[in-house]
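Novice: generate coordinates for the sequence data below:
(chains A, B and C)
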Amino acid sequence: MNKLNPRQSEAVKYIDGPLLVLAGAGSGKTSVITQKIAYLIDQCGYQGRQIAAVTFTNKAAREMKERVRSLVDKQKCRGLLVCTFHTLGLNIIRKELSTLGFKPGFSIFDQSDAHALIKELLYKDSDIDSDHVDMLQNMISKWKNELISPEDAMAQASSGGEQQLAAVYERYTQALKAYNALDFDDLILLPVQLFRKRPDILERWQRSLRYLLVDEYQDTNGAQYELVRSLLGDRKGLTVVGDDDQSIYAWRGARPENISQLNKDYPDLHVVKLEQNYRSTGCILKAANTLIDNNPHEFNKRLWSDMGFGDPIRVIRTPNDEAECERVATEILDQRLRMGCKYKDFAILYRGNHQSRTLELKLQQFQVPYTISGGTSFFSRQEVKDMLGYLRLMVNPNDDNAFLRIINTPRRKIGPTTLEKLGLFAQSEELSLFDACNHPNLRHVLPPDAHTRLTEFHDWMLVLLEQAENDDPIKAVEKMVTESEYEGWLHQNASSPNVAERRMQNVHALVGQLKQTLEWLQEDNEDAGLQAVINRLLLRDMLEQQEEEDDSDRVQLLTVHASKGLEYPHVYIIGWEEELLPHRSSIEEGNVEEERRLAYVAITRAKRTLTLTMAAKRKQFGDWTTCNPSRFLEEMPQEDLVKIGFGGEADKALNKARGRETLASLKDLLGR
DNA sequence: TCCTTTCGTATTTTT
DNA sequence: TACGAAAGGA
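Specialist: Sure thing, here's the model as predicted:
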């Protein structure tokens, strides 16, 4: 506690009412949350089980849990909930399952599952163009995030087209229910709906949770806001931490105005600002402050640090995008030697994923080791999805989606015709596809060999299912992997043995994760059935992929969005151009403010040096386009920018210096 | 069932 | 331009 500055400790000790902590970038907000949990337990007589701290990412939750553990006696932590919004929702749903009308084994659909489902719904009776799946999926998600039911959506629809969209939403909801499945948004939505309908249940939860802490509050959406509000009731036990300047997910339904909404909802709200930054040099903070001042603000914040002013910010312009990436690569090589630091001290940030391609090319060319985060995640890999399909079916035989995914993977000679007949039969008998396989009348609608294949599959799965429930679930999973002969199928199908090898490793990694998570949950004395573990995995709650065995001294490549919450000694941000950093579509939508926040987040990742680059020309969709410098460059303090490649003073000085250098080396040569 | 060709589309993606 | 998805052909 004595390590905290006065503002921080005020935030920790204030418990007389709802508290909003406006925590600027790098101001030690995680410390505040973890210390506050410790304070509540050690000094205020709260029990661990009465406190919930909610974050957005599993990573943040894990880090927080870790730090609380180092602060508070293990016994006292018991029942302490430090988790993501979605895990909190899942916990509530699990305990109120029967009231919600779900059967015990339910599945969680991820985005691609939901996507496939919507696509199918459109395909079946498509008045709507099927390439609008993405748009519709977005829409459904937004509806759910704003607590708009299918009926509401229907009522709000002002045109025939909108009515059709609402109708799909309706059918999507029904389909999920039929599969006994939930999507990510449901994990928040259903608890909220339940609490609205059943005050008695809400009261029970309110009694058990007495203090709530919410991280990254600017990223909450309508449903999450409502969940927090209803859990809190009219009590005082709330601390939220957020930074309106770091709201960069509005396009995904986040409502940064939830921060100012707090003032209205809780008149006795107390506000604490954390403005001391422990990360960056004064120069970097000045630039960040000046830039973000161009946005309107409800709460004014001014970051400062006592780490010295530091180096000026360099802005480099190159003739084209290739040269830009090349320059970054060589700059890093140079800077690394001159400053004697490691590759991993560098990060290169960019607005769009596509920008990483040229970058990778150049880094390879100059032999700069790098890692790129983002791209296809572990969970979107085919083999992982397949395995999760099996696992989902093991805990929820009603999950038709999972059934369809894996019924013919590996090949079991069960094709579309068979499945169609099975589907019709299942529909008429009101059974899941899996249960339909076992129905005595099924053989009347199918040719004998198709029928045998289905029953064989069904019986095999049933054995596994029972073993998972009554015996050792891990053993059942391992048995499933070997008996499905998935590995053989991978080798048969893969373009090269290496690919198959790698995929199989992912399968083993998944099973390993399963094991680990199971042990973890058992340690924490939580419900440790296969179902619980798989749900965790479906919520992406697993340890990072093993940290690349080699010490991984590599330059980090990532999008600005992905960089939020991270920090690096030396940061390069590429593509400071109009239409790219304020992105074109954002300009068109008139939402430059969020882009400015994006730039703000990017800048505040840097601890010591910051380099911004842009290209004068860029090869785009086949032909060259001329690029103008980003307006954000002009919005920063010009006196702290060293502009290179703009034909200005700095260039002349540089040329002069370069001239002197060549002259000196010439003399040196001649002298010899 | 797999491979080829063609077509359309290019912002960000915590769970 | 370059990639992924979808459709068409062997």
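Novice: can you pull out the strands in the stretch 451-600 of chain A?
Specialist: Taking DSSP state E, counting those that start in this stretch to define them, one finds strands in the stretch 451-600 of chain A at A:555-559, A:568-573.
Novice: the longest one pairs with which strands?
Specialist: To tie it back to what came earlier, the one meant is strand A:568-573. Each strand that pairs with strand A:568-573, with its direction, by DSSP bridges: strand A:346-350 (parallel), strand A:606-620 (parallel).
Novice: so which of the ones you listed comes closest to DNA strand C?
Specialist: strand A:606-620 (6.8 Å; C-beta to the nearest atom of the strand). In short, each C-beta sits where N, CA and C put it, glycine included.
Novice: could I get the buried residue list for the closest one?
Specialist: Judged by neighbour count (16 or more other C-beta atoms under 10 Å), strand A:606-620 contains these buried residues: A:606-616, A:618.
Novice: quick revisit: out of the strands of the stretch 451-600 of chain A, nearest to residue A:152?
Specialist: strand A:555-559 (34.3 Å; C-beta to C-beta).
Novice: and that closest one, which strands flank it?
Specialist: Counting by DSSP bridges, the strands paired with strand A:555-559 are strand A:346-350 (parallel), strand A:370-372 (parallel).
Novice: weakest of those by average pLDDT?
Specialist: The stretch with the lowest mean pLDDT among the strands paired with strand A:555-559 is strand A:370-372, which comes in at a mean of 88.
Novice: list, one by one, the residues from the stretch 101-250 of chain A near DNA strand B.
Specialist: Those residues of the stretch 101-250 of chain A that sit near DNA strand B, judged by C-beta under 7 Å from any atom of the strand, are A:111, A:131, A:184, A:216, A:219, A:248-249.
Novice: minimum distance to DNA strand C, which residue of the stretch 401-550 of chain A gives it?
Specialist: Proximity to DNA strand C, evaluated over the stretch 401-550 of chain A using C-beta to the nearest atom of the strand, is greatest for residue A:416 at 12.4 Å.
Novice: kindly apply the preceding question to the stretch 351-500 of chain A instead.
Specialist: Closest point on the stretch 351-500 of chain A to DNA strand C, by C-beta to the nearest atom of the strand, is residue A:357, at 7.3 Å.
Novice: count the neighbours of that residue for me.
Specialist: 11 (other C-beta atoms under 10 Å).
Novice: tally of neighbours for residue A:448?
Specialist: Per other C-beta under 10 Å, the neighbour tally for residue A:448 reads 8.
Novice: list the contacts of it.
Specialist: If you count contacts by C-beta atoms under 8 Å, 6 or more residues apart in numbering, residue A:448 has none.
Novice: quick one: pLDDT of it?
Specialist: 87.
Novice: now do residue A:661
Specialist: In the prediction, the pLDDT value recorded for residue A:661 is 69.
Novice: where along the stretch 201-350 of chain A do the helices fall?
Specialist: A:222-232, A:258-265, A:282-292, A:321-339 (DSSP state H, counting those that start in this stretch).
Novice: export the third one to PDB, keeping only CA atoms.
Specialist: Provided in PDB are the C-alpha atoms of helix A:282-292 (Å, rounded to 0.1, in the frame of the first residue of the first chain):
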ATOM      1  CA  GLY A 282       7.500  13.500 -20.900                       C
ATOM      2  CA  CYS A 283       7.800  14.100 -24.600                       C
ATOM      3  CA  ILE A 284       5.700  11.100 -25.500                       C
ATOM      4  CA  LEU A 285       3.000  12.100 -22.900                       C
ATOM      5  CA  LYS A 286       3.000  15.700 -24.100                       C
ATOM      6  CA  ALA A 287       2.400  14.500 -27.600                       C
ATOM      7  CA  ALA A 288      -0.400  12.200 -26.500                       C
ATOM      8  CA  ASN A 289      -2.100  14.900 -24.400                       C
ATOM      9  CA  THR A 290      -1.900  17.500 -27.100                       C
ATOM     10  CA  LEU A 291      -3.300  15.100 -29.700                       C
ATOM     11  CA  ILE A 292      -6.200  13.900 -27.500                       C
END
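Novice: ranges for the helices of the stretch 551-672 of chain A?
Specialist: Under the criterion DSSP H, counting those that start in this stretch, the stretch 551-672 of chain A contains helices at A:560-563, A:584-588, A:592-603, A:631-634, A:649-671.
Novice: which of those sits most buried?
Specialist: Compared across the helices of the stretch 551-672 of chain A, helix A:592-603 shows the largest average neighbour count, a mean of 23 (mean count of other C-beta atoms under 10 Å).
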